[in-house]
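Undergrad: The sequence and its predicted three-dimensional model are supplied below.
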Amino acid sequence: MAMRRTWLDRAIAWVSPARGFDRARRRAALAVLERTYEGASVGRRTEGWRIASTGANAEVAPALSRLRDRSRDLVRNNAYAAKATQALVSNIVGTGIVPRARAKSKRLAEAADRLWARFVAEADVEGLTDLYGLQALIVRTIVESGECLVRIRERYASDGLAVPVQVEVLEPDFLDTAKAGEMASGGFILSGVEFDQIGRRVAYWLFPTHPGESSFRRGALASQRVPARSVLHLFERQRPGQVRGVPWVSSTVLKLRDLDEYDDAELVAKKIAACFAAFVTGDLDGEPIGKDVSESADGHRVESFEPGMVAYLAAGRDVKFATPQTAPGYADYMRVQLHAVAAGMGLTYELLTGDLSQVNYSSIRAGLLEFRRRIEALQWQMLVPGLCRPLWRRFVETAQAAGSLAAGEVEAEWTAPRFEAVDPLKDVQADLFAVRAGFMSLKEAIARAGYDPAGVLAEIAETNALLDQLGLVLDSDPRRATRTGQAKDASVTGEDAPSPAN
């Protein structure tokens with residue numbers, strides 16, 4: 001837009017073109033400065049908005065301990081925080097993220113799968129669950145505390161384990177945050193994590209016991225250096241260079257707390273309102289008919305009210321009934337606030353509250369699709385690279401070193417638990433069409449359903465062999481029957497095709 005020139009501008013330019021040009025240039029620069037982001041403006045609307053240009057670690061470090069404690073308190077005492085944590089754990093891990101061994105030698109891959117099954121059962125240091133139960137515990141700790149430490153413990157061959165290695169899950173409190181500073185080697189320590197000169201994690205400084213426990217062990221508060229090879233540090237990174245993770249409830253801590261207090265205030269108001277029924281202040285002649293409410297029948301002071309009570313007062317002429325005051329809009333306010341809580345936790349409102357009164361098939365499916373994208377991102381960007389793959393490599397290395405597994409390169413293909421379908425029939429039909437069109441392999445379709453393709457196909461082959469041995473043909477057998485249940489021509493199958501079983 002051309003800048004409008006005033007008569008004074010034209011007059012100055014006529015007397016001194018150089019001064020006129022300089023004046024126009026400066027006015028144009030001022031106009032550019034006025035065209036800025038509203039979010040960066042300073043005024044009445046932004047008064048009291050405190051901001052800082054701190055780095056990720058300077059921002060997290062002073063607040064982490066308090067955020068973690070408040071998050072745990074909310075999960076213990078707030079129903080919505082507890083439900084959000086449970087929903088995230090159930091969807092991210094479910095029954096476990098399962099590997100399938102891949103190697104050039106089929107026999108080696110099968111041996112690795114069998115050995116992994118034994119390792120899964122023996123992985124827990126405490127012996128209370130298996131590896132997939134530990135996965136759920138790890139994710140719960142990440143959600144509640146912001147991060148989780150997984151320590152890989154090497155064992156002796158005499159311990160009788162299939163693979164002499166186990167897994168120990170530690171809360172982030174074990175990290176000695178007081179350890180910080182430059183090191184003589186050129187590296188540095190930040191919040192208990194030691195880095196080398198080029199920024200790689202080389203060690204963690206861990207307490208031998210939880211600093212919040214009542215422990216009398218000698219040296220319990222002296223941290224020890226543990227090589228990074230034996231520690232997996234899992235958290236959701238939100239900023240480059242971030243060393244520690246923050247609880248996932250951080251953005252909704254105050255809102256959840258306020259909702260608790262608001263709900264309690266409503267409950268107390270309802271209780272108080274229910275206690276008042278009638279106040280008798282006098283008879284028809286104006287004479288007091290009762291004693292003061294502050295005294296009971298035996299002369300003791302009354303300092304509480306009961307539902308439906310009738311209070312006799314010392315003065316007055318009539319009977320007045322109390323009108324309890326109710327706060328309108330309670331349900332609407334709670335619904336709006338819980339939508340904000342769900343958004344802050346990365347959930348849908350329906351998963352957070354269980355309220356399905358305002359959804360239909362299309363809306364809940366659309367919401368679940370977005371939620372599942374987030375879950376898949378967490379699975380494949382945090383859990384699989386941060387936990388599953390390093391643990392698999394350590395398992396293979398240890399097993400081969402111990403002679404439990406033959407030498408050779410063995411990789412793993414990981415399968416996350418399947419999501420339950422909103423409409424199972426439509427989802428199965430979609431997978432069927434994708435396999436028939438060549439957009440998806442049968443193995444991939446089976447894996448997406450949460451099953452092991454090799455195991456499923458082997459079971460199908462075994463079942464088909466048994467049916468053939470017994471001379472039975474089911475209309476669900478695509479070798480013998482069409483999709484409509486009609487028997488196929490023997491020339492198609494190359495065998496005598498008996499009639500489908502009734």
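TA: Cool, the structure landed. Numbers count the residues shown, from 1 in each chain.

Undergrad: what about D264, helix or strand, and which?
TA: Taking DSSP states H and E as the criterion, the element that holds D264 is helix 253-275.

Undergrad: mind listing what's buried in that helix?
TA: Using 16 or more other CB atoms under 10 Å as the burial criterion, the residues of helix 253-275 that qualify are V253, K255, L256, L259, D260, C275. All C-beta atoms are positioned from the backbone trio N, CA, C, and that covers glycine.

Undergrad: ok, now how distant is the closest residue to the fourth one other than its chain neighbours from L221?
TA: Which is L259. Closest residue in space to L259, ignoring its immediate chain neighbours: Q337 at 5.6 Å, by CB to CB, 6 or more residues apart in numbering. Per CB to CB, to the nearest Å, Q337 is found 41 Å from L221.

Undergrad: who has more neighbours, those two?
TA: Legend: neighbour count by other CB atoms under 10 Å for Q337 and L221, higher for Q337 (17 against 11).

Undergrad: can I assume that one is in contact with R257?
TA: No. The criterion here is CB atoms under 8 Å, and Q337 misses it with R257 at 11.5 Å.

Undergrad: Low-confidence stretches in the chain?
TA: 1-4, 30-37, 214-220, 276-327, 483-502 (pLDDT under 70).

Undergrad: Now for Q381: which residues touch it?
TA: Contacts for Q381 were tallied using CB atoms under 8 Å, 6 or more residues apart in numbering; there are none.

Undergrad: try the one 3 residues further on
TA: With contacts defined as CB under 8 Å, 6+ apart, V384 is in contact with I97, W414.

Undergrad: I'd guessed A87 sits against L351; true?
TA: Yes. A87 is in contact with L351 according to CB under 8 Å; the separation is 4.9 Å.

Undergrad: buried residues in stretch 77-86?
TA: Result for stretch 77-86 [16+ other CB under 10 Å]: buried residues N78, Y80, A81, K83, A84, T85.

Undergrad: For those residues, could you give me a markdown table that also reports secondary structure and distance to I375?
TA: Formatted as a markdown table, the buried residues of stretch 77-86 follow (DSSP: H, G, I helix; E, B strand; the rest coil; distance: CB to CB, whole Å):
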| residue | secondary structure | distance to I375 |
| --- | --- | --- |
| N78 | coil | 22 |
| Y80 | helix | 19 |
| A81 | helix | 19 |
| K83 | helix | 16 |
| A84 | helix | 13 |
| T85 | helix | 14 |
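
Undergrad: Please identify which of those residues is nearest to V410.
TA: Each of the buried residues of stretch 77-86 was scored against V410 by CB to CB, and T85 proved nearest at 35.0 Å.

Undergrad: Tell me the secondary structure at V169.
TA: Here V169 is strand, with the state taken from DSSP: H, G, I helix; E, B strand; the rest coil.

Undergrad: Apart from its neighbours in sequence, what residue is nearest it?
TA: The shortest distance from V169 to any non-neighbouring residue, by CB to CB, 6+ apart, is to L137 (5.3 Å).

Undergrad: helix or strand for the one you found, which one?
TA: Short version, using DSSP H and E: L137 is in helix 131-145.

Undergrad: That helix: how far from the chain's middle?
TA: Between the centre of helix 131-145 and the centre of its chain there are 10 Å (CA atoms, centre = their mean, to the nearest Å).

Undergrad: hey, where'd the strands end up in the stretch 301-450 of the chain?
TA: Here the stretch 301-450 of the chain has its strands, by DSSP state E, counting those that start in this stretch, at 309-312, 319-321, 411-415.

Undergrad: Could you verify my assumption that A84 touches T348?
TA: No. At 10.7 Å, A84 does not count as touching T348 under the criterion of CB under 8 Å.

Undergrad: overlap in contacts of those two?
TA: Common contacts of A84 and T348 (CB under 8 Å, 6+ apart): A342.

Undergrad: could you dump the helix holding D264 to PDB, C-alpha only?
TA: In PDB, the C-alpha atoms belonging to helix 253-275 read as follows (Å, rounded to 0.1, in the frame of the first residue of the first chain):
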ATOM      1  CA  VAL A 253      -2.200 -29.700  36.800                       C
ATOM      2  CA  LEU A 254      -3.800 -26.500  38.000                       C
ATOM      3  CA  LYS A 255      -7.000 -27.200  36.000                       C
ATOM      4  CA  LEU A 256      -7.400 -30.600  37.500                       C
ATOM      5  CA  ARG A 257      -6.800 -29.200  41.000                       C
ATOM      6  CA  ASP A 258      -9.300 -26.400  40.400                       C
ATOM      7  CA  LEU A 259     -11.900 -28.900  39.100                       C
ATOM      8  CA  ASP A 260     -11.400 -30.900  42.300                       C
ATOM      9  CA  GLU A 261     -12.000 -27.900  44.500                       C
ATOM     10  CA  TYR A 262     -15.000 -26.700  42.400                       C
ATOM     11  CA  ASP A 263     -16.600 -30.200  42.600                       C
ATOM     12  CA  ASP A 264     -16.000 -30.300  46.400                       C
ATOM     13  CA  ALA A 265     -17.500 -26.800  46.800                       C
ATOM     14  CA  GLU A 266     -20.600 -27.900  44.900                       C
ATOM     15  CA  LEU A 267     -20.900 -31.000  47.100                       C
ATOM     16  CA  VAL A 268     -20.600 -28.900  50.300                       C
ATOM     17  CA  ALA A 269     -23.100 -26.400  49.100                       C
ATOM     18  CA  LYS A 270     -25.600 -29.200  48.400                       C
ATOM     19  CA  LYS A 271     -25.100 -30.700  51.800                       C
ATOM     20  CA  ILE A 272     -25.500 -27.400  53.600                       C
ATOM     21  CA  ALA A 273     -28.600 -26.500  51.500                       C
ATOM     22  CA  ALA A 274     -30.200 -29.900  52.400                       C
ATOM     23  CA  CYS A 275     -29.800 -29.200  56.100                       C
END
